[in-house]
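how would this look folded up:
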Amino acid sequence: MSALTIDVDAVRKHFPALQRAAVGGEPAVFLDGPGGTQVPSSVIRAISDYLSGSNANIEGEFATSASTDELIAQARSYGATFVGGSSDGISFGPNMTTLNFNLIRALGRTLKPGDEIITTVLDHDANVAPWLLMAADRGLVVRQVGVTEDLNLDLEDLKAKLNDRTKVVAFCLASNAVGTLTPAVEVSRLAHEVGALVWADAVAYAPHRRIDVEALGCDVLLCSPYKFFGPHLGMSWLKTDLAETLPAERVRPAGSKPPGHRFETGTQLHENIAGFAAAVDYLASLGEGDNLRSRLDSAYGAIERRETELAQQLISALSDVPNVRVTGVPGAEPSQRVGTFGLIVQGESPALLSRALGAKGIYTWNGNFYAQGIVEHLGLDLEEGLLRLGLMHYNTGAEIHRCVEELRLHLAAA
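Numbering: from 1, shown residues only. Okay, the predicted model is just below:
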């Protein structure tokens, strides 16, 4: 049986933003996905339907409140299937960063001076700065793992820094700046050998690869639905024993069931939680199978194949553009990178390049993307950073061609 493929023309019809007219009436080209993906109509409807039909707070003795309770329970179940773990450990919040600060503060109350945390050069600062702040408060030590020449995580450096005082290894599954996929299974194995927790940031991974916390060996995982075709929202998963026992900061009357609810402060973004569930349904609709999990497995296989093909096209097209360097893993090897590309263009400002492309209806990002460690490692000005192109399964070869040609024309005229 042939591998499932994505019908990109059919997919694009689900996304109203992809029909947006830009310069000269041509559709806008959205290569800004690593900063936040576009949203299908089904997600927009789910948010609107919740607000118009069942908007209420939780645990009330009336119909719309009961509907909200059912929605959140379903979303926890969807979240568990999405990450491959138990629904007991699912928490929702305004964003990944806020959730991570809350979780790290909770863990910090169990640590003692001299305990060590490991972070990496590849990470978004949301999984670095909270550890540094907690370390300063509690007398902890934070060590940072470097990268190889190709911007892969340096496992030898990790091994050298692990010891019996290491309590957490915090790392990303994929770099949001240069697309590197980290060897998560090996990192988890090494961390667990010294009794450390594995604290994974899956924000830049979730739109591209199937999450399976059991297979990856995670103890804590965080992601952002707005990076995988949903609304602005954060979601975390903890192993059940952690969800039940970490000393959460919460108001006294708040309940503690399910355990993940202990880390949800205040009233949640119910309409966005409805949108999250719809985003998972959208992803599952790209696959085949008898249940949600199998459809997601199938869909992500098709997404990986589609994005690898697009990445190969982009790398090939950029190869003969003068003075353009694609940072990180060479080639489009799907086991080593996702379709996020950080470009260094000799003698050109990333901000000015992104602005010039934007004027032609091609949307890209520039800057450091809160990935301070890797930008500094590359020797770049932290404010200037990189020009970033991001590929999602809804992008096309024609969009890649248009972007590269506009970049070529701009550089030739400079």
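
how about the helices of the protein, start to end?
In the chain, the helices defined using DSSP state H lie at 8-12, 41-53, 63-83, 96-108, 129-138, 155-161, 184-193, 213-216, 240-245, 270-285, 292-318, 350-359, 372-377, 397-413.

Among the ones you listed, single out whichever gets nearest to Arg388.
helix 350-359 (8.1 Å; Cβ to Cβ). Just so you know, the C-beta spots here come from the backbone N, C-alpha and C atoms, and that holds for glycine as well.

Tell me the helices and strands packed up against that closest one.
For helix 350-359, the packing partners by 3 or more Cβ pairs under 8 Å, 6 or more residues apart in numbering; DSSP states H and E come out as strand 365-367, strand 386-390, helix 397-413.

Ranking these by mean neighbour count, which comes first?
For the helices and strands packed on helix 350-359, ranked by mean neighbour count under the definition mean count of other Cβ atoms under 10 Å, the leader is strand 386-390 at a mean of 27.

Asp154 contacts Thr148, correct?
Yes - the pair formed by Asp154 and Thr148 meets the contact definition of Cβ atoms under 8 Å, at 5.4 Å.

Have a look at these two and say which one is more surrounded.
When Asp154 is set against Thr148 and neighbours are counted by other Cβ atoms under 10 Å, the residue ahead is Asp154, at 18 against 13.

gap between that one and Asp7?
With the distance defined as Cβ to Cβ, to the nearest Å, Asp154 ends up 40 Å from Asp7.

which residues of the chain score low on pLDDT?
Applying pLDDT under 70 to the chain flags the ranges 1-2.

how's it carved up into domains?
Domain assignment for the chain by automatic domain parsing gives 8-30+293-413, 44-283.

rewinding a little: which stretch among the helices and strands packed on helix 350-359 comes nearest Ile72?
Taking those one by one with Cβ to Cβ, strand 386-390 is closest: 30.7 Å.

Can you pull out the residues in contact with that closest one?
Applying Cβ atoms under 8 Å, 6 or more residues apart in numbering, the contact partners of strand 386-390 are 31-35, 177-178, 314, 327, 339-345, 350, 353-354, 364-369, 375, 378, 380, 403.

try 7 Å
The contact list for strand 386-390 (Cβ atoms under 7 Å, 6 or more residues apart in numbering) reads 31-34, 177, 314, 327, 339-345, 350, 353-354, 364-366, 369, 375, 380, 403.

For the nearest residue to Pro259 once chain neighbours are set aside, give its distance to Cys172.
In space, Pro259 comes closest to Ala243 once its chain neighbours are excluded; the distance is 3.6 Å by Cβ to Cβ, 6 or more residues apart in numbering. Taking Cβ to Cβ as the measure, Ala243 falls 22 Å from Cys172.

re earlier: wait, the residue nearest to Pro259 sits on Lys257?
No - judged on Cβ atoms under 7 Å, Ala243 makes no contact with Lys257 at a distance of 10.6 Å.

Of these two, which one has the most company?
Counting neighbours by other Cβ under 10 Å for Ala243 and for Lys257 shows that Ala243 has the greater number, 25 against 9.

who are the neighbours in contact with that one?
Contact analysis of Ala243 by Cβ under 7 Å, 6+ apart lists 88-89, 259-260, 262.

Check Pro350 too.
Contacts of Pro350 (Cβ under 7 Å, 6+ apart): 366-367, 384-387.

got JSON lines for those residues, with distance to Asp49 too?
As requested, those are arranged in JSON lines below (distance: Cβ to Cβ, whole Å):
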{"residue": "Asn366", "distance to Asp49": "37"}
{"residue": "Gly367", "distance to Asp49": "36"}
{"residue": "Glu384", "distance to Asp49": "43"}
{"residue": "Gly385", "distance to Asp49": "39"}
{"residue": "Leu386", "distance to Asp49": "39"}
{"residue": "Leu387", "distance to Asp49": "39"}
